[in-house]
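Q: I'll drop the sequence and a predicted model, then ask my questions.
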Amino acid sequence: MDFRKSITYSKVIILLIFVFTSTLGYNQEKTDSNLDSAKVVVSTPDSEQIAIQDTIDQKRENSPLDIGQDRGLYIVADEGKLQMRILGSVRFSAFYDSKNLLSKNSFSTFDIPTGAANIYISNYYNSLGFSRIGFEITRKISDQDIFIRIESDFAGPNYNYRIRHAYGKYGNFLIGQTWSLLTNVSSLPSTVDPTGADGSINIRTPQMRYSKNISEKLRGSVALEYSLPDLIMHDSIDMTFLQTIPNVTARIRGIGKLGSMQLSGIIAPITGINPDGNKNTSFGYGVSLSGTFEMHQNNQLLFQATYGNSIAHFLNPFRNNGQDMAYDPATSKFSGLDVVGGFLSYGHIWPKDISSYLSVGIASITNRNFQPGSDFDFSYSISGNAFWKIVEGLRIGLECIYGERFDIDGSRGSASRIWALFYYDF
């Protein structure tokens with residue numbers, strides 16, 4: 001995200017705060033002139049004065065390391081019809097690498113050097129870029145709520161300010177940026193690495209979504225989403241790739257006594273335009289199955305499995321590595337690449353407010369015969385962690401990760417990382 005975009009996003013948040021505080025001021029004037037009119041109340045989450053106790057369960061999908069619903073400062077106005085929740089988190093991340101991997105915001109097996117380049121280069125790094133600030137606003141209108149959520153951190157490109165979530169929801173409709181329908185946050189384990197295991201999907205996209213309850217335990221959603229195709233453009237290629245048609249995504253999610261299950265799919269158009277202005281559109285596609293299985297007390301299994309063509313940028317570790325399609329110099333054409341990814345994770349809650357997850361993930365690409373031998377073939381990762389809740393809002397996480405990458409020609413490389421995360425949600 002460049003500096004101008006950062007300024008634009010900052011203005012949006014400032015404008016939102018201005019509009020809301022103006023509303024509060026208006027309500028306060030009403031209070032001064034009429035004792036029976038609206039009042040402004042500032043409260044903590046456990047206060048009985050909060051008219052709308054919380055909006056998280058119904059209005060947002062809660063990922064494992066999201067700020068807890070027992071955190072934040074509430075401002076309630078207009079006799080409980082208007083509520084603003086201010087929340088944030090200070091997060092200090094530090095790790096030690098056995099190899100100097102390019103990505104500092106994730107452990108990416110795609111970045112692992114292979115063959116003779118896979119040499120031991122120890123590396124220490126720390127960052128506060130995962131620190132977050134957010135606002136949630138709920139406005140009651142008749143029997144429905146208008147819900148707005150804005151959340152940001154500082155883990156964007158070049159460690160710049162970025163928007164994580166920015167959307168509004170009314171009834172069954174949602175417009176803005178949040179989790180793609182391919183993402184199932186309920187099936188993601190708690191991990192210090194924000195991208196999780198190899199083969200996992202945890203991507204946020206701008207979208208227009210409609211959701212509806214099919215039955216008491218079944219809910220369906222469809223959306224038009226936006227995500228740019230991800231390809232490697234060689235110097236000899238004079239062509240522009242863009243998205244002229246939105247991605248079409250859909251999912252169906254069921255909840256039962258033993259856990260939950262989600263089936264989701266996507267159709268992803270990719271349009272190429274040559275210098276003459278001629279357009280050619282191909283269609284990527286994919287399907288993903290994910291879920292949770294609640295075992296005996298304090299134990300659970302989490303899983304995800306995905307297959308697709310030309311949708312590699314949705315999966316870790318392929319995001320931003322140009323693996324949607326490969327270029328054939330003999331035909332001067334791009335061909336979509338098949339991808340397979342998934343993970344299995346076992347979670348356990350220990351005494352003394354300690355929880356841990358052991359995860360194994362794989363990611364693979366079905367390569368074309370014209371690709372060079374040094375191109376990525378498949379990888380896997382293994383991770384184990386423990387999170388300790390010291391006091392309310394304060395947690396420490398420690399994670400050990402090991403991964404290997406294999407190329408088409410059989411070259412391989414390995415890397416490991418010890419990663420710690422200290423965070424306080426307020």
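A: Noted; the coordinates are in hand. Residues are numbered from 1 along each chain as shown.

Q: and Ser127, what does it touch?
A: By CB atoms under 8 Å, 6 or more residues apart in numbering, the residues touching Ser127 are 92-94, 104-105, 155, 159. Heads up, the C-betas are built off the backbone N, CA and C, glycines and all.

Q: identify those among those that sit within strands.
A: Per DSSP state E, strands hold the following members of those: 92-94.

Q: and which of these is nearest to Asn184?
A: Top of the list for closeness to Asn184, among these and by CB to CB, is Ser93 at 24.5 Å.

Q: may I have the secondary structure class of the closest residue to Ser356 other than its chain neighbours?
A: Here the nearest residue to Ser356 in space, its sequence neighbours aside, is Ala386; by CB to CB, 6 or more residues apart in numbering that works out to 4.4 Å. The assignment at Ala386 comes out as strand when based on DSSP: H, G, I helix; E, B strand; the rest coil.

Q: looking at strand pairing, list the partners for Ala386.
A: According to DSSP bridges, the partner residues bridging Ala386 are Ser356, Leu398.

Q: would you mind measuring from it to His348?
A: Taking CB to CB, to the nearest Å as the measure, Ala386 and His348 are separated by 10 Å.

Q: who touches both of the two?
A: With contacts defined as CB under 8 Å, 6+ apart, the residues adjacent to both Ala386 and His348 are 355-356.

Q: contact partners for the residue nearest to Ser356?
A: Each residue near Ala386 by CB under 8 Å, 6+ apart is listed here: 350, 354-356, 397-398.

Q: can we see that at 10 Å?
A: Ala386 makes contacts with 190, 192, 348, 350, 354-357, 396-400, as judged by CB atoms under 10 Å, 6 or more residues apart in numbering.

Q: with Met239 instead?
A: With contacts defined as CB under 10 Å, 6+ apart, Met239 is in contact with 231, 233, 272-275, 278, 280, 327, 332, 334.

Q: among these, which are in strands?
A: With DSSP E as the criterion, strands contain 272-273, 280, 327, 334 from among those.

Q: wait, which of these is closest to Lys81?
A: Here the nearest of the ones in strands among the contacts of Met239 to Lys81, counting by CB to CB, is Ile273; it sits at 49.6 Å.

Q: for the closest residue to that closest one other than its chain neighbours, grab phi and psi.
A: The spatially closest residue to Ile273, leaving aside those adjacent along the chain, is Thr240, at 4.8 Å (CB to CB, 6+ apart). In terms of degrees, to the nearest 10, the main-chain angles of Thr240 are phi -110, psi 130.

Q: swap in the one 5 residues further on?
A: Dihedral angles of Ile245 (phi, psi; degrees, to the nearest 10) stand at phi -130, psi 130.

Q: need the per-residue pLDDT for the closest residue to it other than its chain neighbours.
A: Closest residue in space to Ile245, ignoring its immediate chain neighbours: Pro269 at 4.1 Å, by CB to CB, 6+ apart. Per-residue confidence (pLDDT) for Pro269: 93.

Q: quick one: secondary structure of Pro269?
A: Strictly by three-state DSSP, Pro269 counts as strand.

Q: does it touch Asp324 like I think?
A: No - Pro269 is not in contact with Asp324 according to CB atoms under 10 Å; the separation is 11.7 Å.

Q: poorly predicted segments of the stretch 51-200 of the chain, please.
A: In the prediction, the stretch 51-200 of the chain carries residues with pLDDT under 70 at positions 51-59.

Q: out of the contacts of Ala386, which are buried?
A: When the contacts of Ala386 are checked for burial by 16 or more other CB atoms under 10 Å, the buried set is 190, 192, 355-357, 396-399.

Q: what's the separation between the residue nearest to Ile273 and Asp276?
A: Between Thr240 and Asp276 the distance, using CB to CB, works out to 12 Å.
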